[in-house]
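> sharing a sequence plus its predicted fold:
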Amino acid sequence: MQWLKECYSQVLQSTTLNLTKAFKNFFDKVAQYPRFKSYHGKPSCQYPQNCEVVDKGVKVPQIGVIKASIHRLFDGQLKTVTITKTPTQKYYASLLFDTEQETPEVVPRVKVTGVDLGLKDFCITHDGVKTSKYANPRHLKKHEKNLARKQAKLARKKKGAECTAASDLPFNGRSVGGSKSREKARKLLARVHERISNARQDFLHKLSRKIVDDNQVVVVENLNVKGMVRNHNLAKAISDVGWGMFVNFLAYKLEQKGGLLVEIDRWFPSSKTCSNCLHPMSEMPLDVREWTCPSCGTHHDRDENASKNIRAEGIRQLSVLGTRTAAEGGEVRPKGGRKSVLRHSPVNSEAPTIPIG
């Protein structure tokens, strides 16, 4: 542990505070048991104070000025700087500012949309007038063959001797085994995974921004993604689509705008209830994409019908909570309540991130 003495003291203190907070959340039943963070994962360090943004980059204690490409700044006090190293050997600095912004009031003219998340189409939205479908980009499937080639190449590489010299130690200060050719193959594989991740986040950010800009209230289902991925036939597709990340993006974008995100119960029968006469079907298998209501004779597209029912249920919940709204517009006065403990605050997920080096 000799290398710990070379580390800035407040970085170590910040790590201890994070661990304390993680165990406190666990005992308060707000989060799961803290997971072990491997040296081979995504190493990072946090500077809680004495940092500043300069013309050429970011200045941190003990290191000095680090050259950085700064793409965005905020008016406010810089609280912390978190430096992260990605598997592709890139360094990023996440800057946390205290801007003292107030949550805007809800726009009086309200447009409510229901969002049905799926796999064939990423999501289907209905705003009371029209229904829109957004195709699933299937990011992982586009790079599947390339991933298979890179993974096979990495598997054929042999592990070399461990590096022992102090100058050979990586960013996390730990010696790791591996030959140069194996490390080169690992970086090539990591770049493909990074490309997939960046494409997914770009798609989710753009789509969530479009939906939030066009609506003041968004209604979604509270899906049990963790339970759904236990289905081995759909696990890869569900993990690739990023439903949870999309809902988080919707939540914080609506909060910044003064909008409202409504999550209805996951057991609500949105797919097998007629949106015209509310006739419930006894069963609705996944392979049935279109059906006709036996009561009123209305022909439904499964996903379009679900988005209409989700929207109607969201409006009903708002009225029950004492929030006045209407299908074609009205006033929405959202009441404060306890945030979901199943999802971390999405505000920090899009902290300004700048590449270093």
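Sure thing, it's come through.

> got the residue ranges for the helices in the chain?
9-27, 139-142, 144-156, 180-214, 225-228, 235-241, 243-257, 302-320 (DSSP state H).

> by contact count, what packs against the fourth one?
What it means is helix 180-214. strand 112-117, strand 121-126, helix 139-142, helix 144-156, helix 243-257 (3 or more CB pairs under 8 Å, 6 or more residues apart in numbering; DSSP states H and E). Where C-beta positions appear, they are placed from N, C-alpha and C, glycine not excepted.

> quick one: low-confidence parts of the stretch 251-357 of the chain?
322-357 (pLDDT under 70).

> separation between residue 40 and residue 85?
11 Å (CB to CB, to the nearest Å).

> looking at those two, which is more packed in?
residue 85 (18 against 11; other CB atoms under 10 Å).

> does that one touch residue 42 like I think?
Yes: under the criterion of CB atoms under 8 Å, residue 85 makes contact with residue 42 at 7.1 Å.

> now do the same for residue 170: its pLDDT.
For residue 170, the model assigns a pLDDT of 50.

> next one: the one 5 residues further on
Looking at residue 175, its pLDDT stands at 42.

> what is the neighbour count of residue 90?
The number of residues near residue 90, taken as other CB under 10 Å, comes to 14.

> for residue 123, that is, sorry about that
22.

> and if you look at residue 297?
Other residues close to residue 297 by other CB under 10 Å number 10.

> against residue 321, how distant is it?
For residue 297, the distance to residue 321 - CB to CB - is 35 Å.

> equivalent analysis for residue 293, please.
30 Å.

> OK, contacts around the closest residue to residue 33 other than its chain neighbours?
Counting by CB to CB, 6 or more residues apart in numbering, the nearest residue to residue 33 once its immediate chain neighbours are dropped is residue 26, at 5.4 Å. Residues near residue 26 by CB atoms under 8 Å, 6 or more residues apart in numbering: 32, 33, 34.

> of the residues you listed, which is the nearest to residue 265?
residue 32 (22.5 Å; CB to CB).

> phi first, then psi, for that closest one.
phi -80, psi 170 (degrees, to the nearest 10).

> dump the residue contacts of residue 117.
123, 220, 221, 223, 241, 243, 246.

> quick one: which of residue 293 and residue 321 has more around it?
The residue with more neighbours, out of residue 293 and residue 321, is residue 293; 18 against 12, by other CB under 10 Å.

> show me the domain layout of the protein.
Split into domains by automatic domain parsing, the chain comes to 2-98, 112-137+203-349.

> deepest in the core, which of the ones you listed is it.
Neighbour counts (mean count of other CB atoms under 10 Å) averaged over each of those peak at domain 112-137+203-349, with a mean of 16.

> the residue nearest to residue 33 and residue 44, how far apart?
21 Å.

> residue 118 too?
Taken as CB to CB, the span from residue 118 to residue 44 is 35 Å.

> got the contact list for the closest residue to residue 214 other than its chain neighbours?
Leaving aside its chain neighbours, residue 214 sits nearest to residue 111 (7.0 Å; criterion: CB to CB, 6+ apart). Residues near residue 111 by CB under 8 Å, 6+ apart: 127, 128, 214, 215, 216, 217, 329.

> residue 220 and residue 112 touch, don't they?
No: taking contacts as CB under 8 Å, residue 220 lies outside contact range of residue 112: 11.9 Å.

> ok, residue 270 - contacts?
116, 221, 264, 305, 306, 307, 309, 310, 313.

> before we move on, what about residue 50?
Per CB under 8 Å, 6+ apart, neighbours of residue 50: 10, 60, 61.

> so which of those residues is the closest to residue 156?
residue 60 (40.3 Å).

> nearest residue to the spatially most central residue of the chain in space, please, no chain neighbours.
By CA atoms, centre = their mean, the chain has its centre lying nearest to residue 245, at 2.7 Å. Of all residues not flanking residue 245 in the chain, residue 204 sits nearest, at 5.7 Å (CB to CB, 6+ apart).

> could you do residue 118 as well?
Here the residue nearest residue 118, using CB to CB, 6+ apart, is residue 303, at 5.7 Å.

> state the distance from that neighbour to residue 86.
From residue 303 to residue 86 the distance is 36 Å (CB to CB).

> residues contacting the residue nearest to residue 245?
242, 245, 246, 249.

> what sits closest to the third one if chain neighbours are left out?
Meaning residue 246. Excluding the flanking residues, the one nearest residue 246 by CB to CB, 6+ apart is residue 204, at 4.9 Å.

> now the one you found: how far from residue 21?
27 Å.
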